[in-house]
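> I'll drop the sequence and a predicted model, then ask my questions.
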Amino acid sequence: SLAVAVLGVSACTSGPADEPDDPTGEKSEGSFQNPEASLWWERVNLGSVSAYVLLRGNKAAVVDTGNPGSVDAIGEALRSAGADWDVVTDIVLTHNHPDHAGSLTEVALRAPKATVHVGEADSADLSGNVSVAGDGDDIFGLRVIATPGHTLGHISVYDEQLRVLVAGDALTNTAGLA
């Protein structure tokens, strides 16, 4: 299971469509935006797990890639933000389990300019453009927080501007928050 803590978000919207020319003004529980700072988060609900798309200006990052077969849903989130795979510069894995990294190969193929970031102890089985993410590192404006336990290399990422935490499996809510 996946848990996300959202703290003090300045705006909750459906993403870029919430700009003045948006006739619907619809809101989405999984999107967070700060239009003044050109920031936009989109939760990609993949059933038992989620991936996240973050846009900063004209660049994007993907946090977790979900189970195998999730690449099209992630691509749809990018398109709904007015972006495409060619602007993805970073892919961050909270940990290297199939439900969070199962579509990594496909996502990396569609986003060939992207660097994959993962905690050191979870990086051994990954190949390609992989960078070890350590506690306190800054990746795409996200502060890396080492949260070992679920796996030795588990990391969480915190967006200080929007005050959004993606905790991967460091938090669970199956039988109450743990």
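Arrived safely.
> Need the nearest residue in space to the residue most central in space within the chain, chain neighbours excluded.
Against the mean C-alpha coordinate of the chain, by CA atoms, centre = their mean, the closest residue is Val63 at 2.4 Å. Distances taken as CB to CB, 6 or more residues apart in numbering place Tyr52 nearest to Val63, at 4.1 Å, with adjacent residues excluded. Where C-beta positions appear, they are placed from N, C-alpha and C, glycine not excepted.
> The one you found pairs with what?
Counting by DSSP bridges, Tyr52 forms beta bridges with Arg43, Val63.
> what's the spacing between it and Asn45?
Per CB to CB, to the nearest Å, Tyr52 is found 10 Å from Asn45.
> which of these two has more neighbours?
The neighbour count for Tyr52 versus Asn45, taken as other CB atoms under 10 Å, is higher for Tyr52 (24 against 15).
> just checking, the more buried one touches Val166?
Yes: Tyr52 lies in contact with Val166 (CB atoms under 8 Å); the separation is 5.7 Å.
> Any chance you could list residues touching both of those two?
Residues touching both Tyr52 and Val166 (CB atoms under 8 Å, 6 or more residues apart in numbering): Val63, Asp64.
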